Every structure is written in structure tokens, then in C-alpha cells.
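**Q** fold the stuff below for me.
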Amino acid sequence: MSEKNRDGKRMARERLAVEREKQKAADRRRRALIVGASVVCVLGLAAVIGVVAANAGKDKKSESSGPVVAPSGAQGKDSLAIPVGKDGARATLTVWEDFRCPACRAFETAYRPTLHELVDSGKLRVEYHLATLIDGNLGGSGSRQAANAAACAQDAGKFRDFHDVLYENQPEETDDAFADNAKLIGLAGKVKGLDTPAFRKCVEDGTHNAWVVKSNEAFQAGRFSGTPTVLLDGKNIYQDQTMTPAKLKQLVEDANKG
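**A** Numbering: from 1, shown residues only. Predicted structure coming up:
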């Protein structure tokens, strides 16, 4: 074998080794992010959430003109809260979230069965507020588009089901897949009765985009540490490192005894 061929093969092996090390490092970072986000959400450690409001820039693509159209049934100041549950519930959980946020997905995965149980029993009311931190941090418009689609689902009386479907099908944080309206409409097919001409038009027209922008501005004005931010009757329970679904359930049960 010639010296030239030997050198060529050696260089190829070296390049391959470098690429393998890069891939291993990327895999380690990805695993650390996923595990870290999951642990943070289950334990309620808001201080180390990967998505921090202080680092969130504005969603530059969302500075759209047009009227602020709140979804049907939205309540609270400036109609920025989407309520799930009975108005007369003795306990209220306020959740600020971003559909692109992996920590939000981890929270939803851990707490969803408990939240559904408490809401369906009439003991808890959940008020959802939608933010677009990932769009601001990483670029893109998936947070906004998904939030608009969720608001469109609220118009159809299908918010909770579509909300859950979005998290069950959340892309990687760096993948702006939710920016594709066709993707969002396709996911609506998983919710019985949601994929209608009215829903499609609402999604494609961005009917609630300006409302989503206003909601994100309210989140920033609130100076919350990141998403998700979870408040039970005004108290930030997400900062409680001992918080679990069972403890949350007990807190709500206690509130209903008073």
C-alpha cells in the first residue's frame, strides 16, 4: 500500500473518530436535558427550569397587527385565562405554560391524571395562560401557532382534549414543528369533533395570534421565573421541592373542607 493511501485512510479514521465523539457528546447533552426537565417538573424545582423568563426575548414574528380576539369563554384580566372546570370550585390552579416547553410537558405528564380527577370531581378549577418563551429564546413561531390553535379549540369547546394532545405530540424543543398549521390541524384529528372547517379557518387565519402575544406580554410583566409556573390559589407551589401529585391532591382536598 502506498504512503499516500495509508495517510488517506488514517485521516479518514481520525475524522470518523472525531465525528463519533461529537455525536456522543450531543447524545449526552440531550439525555441530560430530558432527564433534568422531567426531574425538575416532578419535584417542582422552578429555580433550575431550562426555560427561564429572564432570558426570553420577544417573539419577533408575532408583532402582528390586528384585533385582539380572545377565545370563547376566556376569563380574568383582559380575558387571558382559559378556564377548565366549574366556576364554583373551591380551589383554583393557575398554570402559565408554553406548548414547546419540555419542562411543561414533564409537568403535564406527571400531574395530568390528578388534575383531571380533581377537575372532574368539581374540587378544582384550572386557569391556563399561554406563553411563547421558546419562540423568543430559540426563534420560530411554534409556541404562538400552537397557542393560537389551542385557543381555536377553546372556541369549539375542546381545549382540554387538544391541550393534552399537543403535549403528547410535542416535538423536540429545537424543532419548530408546531409552526406548521397543517401539523396542528392533523393533531386536531385526534380529538373527536374538533377538525371542522371553522377550526381550520381559525388556525390558518391566526385568529387569536394577537391575543397570544398579549398573553405572553402579561407573563413577562408578571416576572415569573419560567415555564411552567403553577400557582394554587395564588401561591407558587412549583417552587416547593417536596411537591408531588399526591401532595397537590391533598392540598386541594383540604381547601374543599374549609
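**Q** all strands in this protein, in order from the N-terminus.
**A** Along the chain, counting by DSSP state E, strands occupy 82-84, 91-97, 124-130, 229-232, 235-236.
**Q** got those as TSV, with mean pLDDT, distance to Trp211 and mean neighbour count columns?
**A** To be clear about C-beta, it is placed using only N, CA and C from the backbone, and glycine gets the same treatment. Formatted as TSV, the strands of the chain follow (pLDDT from 0 to 100; distance: least, Cβ to Cβ, whole Å; neighbours: other Cβ atoms under 10 Å):
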stretch	mean pLDDT	distance to Trp211	mean neighbour count
strand 82-84	98	10	22
strand 91-97	98	15	22
strand 124-130	98	9	23
strand 229-232	97	19	21
strand 235-236	94	25	14
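**Q** tell me which of these lies nearest to Gly186.
**A** Closest approach to Gly186 among the strands of the chain (Cβ to Cβ): strand 124-130, 20.3 Å.
**Q** and the closest one, C-alpha only, in PDB?
**A** Provided in PDB are the C-alpha atoms of strand 124-130 (Å, rounded to 0.1, in the frame of the first residue of the first chain):
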ATOM      1  CA  LEU A 124     -60.500  22.200  41.300                       C
ATOM      2  CA  ARG A 125     -60.600  24.800  38.500                       C
ATOM      3  CA  VAL A 126     -57.600  25.300  36.300                       C
ATOM      4  CA  GLU A 127     -56.900  28.500  34.600                       C
ATOM      5  CA  TYR A 128     -54.400  28.200  31.700                       C
ATOM      6  CA  HIS A 129     -52.300  31.100  30.500                       C
ATOM      7  CA  LEU A 130     -50.300  30.700  27.300                       C
END
